[in-house]
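Enquirer: Got a predicted structure here, sequence first:
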Amino acid sequence: MNMKIRKGDLVEIITGREDDRGKRGEVIKVFPDEHRVIVQSVNMRTKHQKQVQSQGRTIKPGIVRFEAPIDISNVMLVCPKCGKITRVSVVRNDGKSQRVCKKCDALMDDK
Ligand SMILES: [Zn+2]
């Protein structure tokens, strides 16, 4: 399994819940083993937090909103150069793997 999506990438939701489809957001966490990612402000869930004590701090009760992981196949990478959703190819350059946009041929990781 070649993980082509990394933390910090901009992705677009291409399938899934109707209210999330078409949204773009930054990948804030990647779970390579589960093929899942967490995307900022996408797949929001709420949970009811009970008051708990944790390491001397009190966590207040209430409703907590958080992003739930989504399957990586539900998202597509957005190219930072051309702004389109795209597939990438991976090239080796100086021993590092770099991703190349298949639409505009721009290197995505040229930092
Ligand atoms: Zn591009």
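Expert: Arrived safely, thanks for sending. Numbering: from 1, shown residues only.
Enquirer: from here on, contacts and neighbour counts on C-alpha atoms
Expert: Noted.
Enquirer: mind pulling up the phi and psi values for Ile72?
Expert: phi -60, psi -20 (degrees, to the nearest 10).
Enquirer: Does it touch Asp33 like I think?
Expert: No: applying C-alpha atoms under 8 Å, one finds Ile72 not in contact with Asp33, separated by 11.0 Å.
Enquirer: between the two, who's got more neighbours?
Expert: Ile72 (19 against 8; other C-alpha atoms under 10 Å).
Enquirer: Who are the contact partners of the closest residue to the more buried one other than its chain neighbours?
Expert: Closest residue in space to Ile72, ignoring its immediate chain neighbours: Arg36 at 4.9 Å, by C-alpha to C-alpha, 6 or more residues apart in numbering. For Arg36, the contacting residues are 30, 69-72, by C-alpha atoms under 8 Å, 6 or more residues apart in numbering.
Enquirer: which parts of this structure sit against the ion?
Expert: 79, 81-82, 101, 104 (C-alpha under 5 Å from the ion).
Enquirer: Among these, name the ones in strands.
Expert: Among these, the residues falling in strands (DSSP state E) are Cys101.
Enquirer: most surrounded residue in the residues of the chain next to the ion?
Expert: Neighbour max across these (other C-alpha under 10 Å) = Cys79, 24 neighbours.
Enquirer: Surely Asp20 is in contact with Val39?
Expert: No: the pair Asp20 / Val39 is not scored as a contact, 10.5 Å apart, by C-alpha under 8 Å.
Enquirer: higher neighbour count, the two?
Expert: Val39 (28 against 16).
Enquirer: re the thing from before, turn the contacts of Arg36 into a markdown table, columns for secondary structure.
Expert: Shown next, in a markdown table, are the contacts of Arg36 (DSSP: H, G, I helix; E, B strand; the rest coil):
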| residue | secondary structure |
| --- | --- |
| Val30 | strand |
| Pro69 | coil |
| Ile70 | strand |
| Asp71 | strand |
| Ile72 | helix |
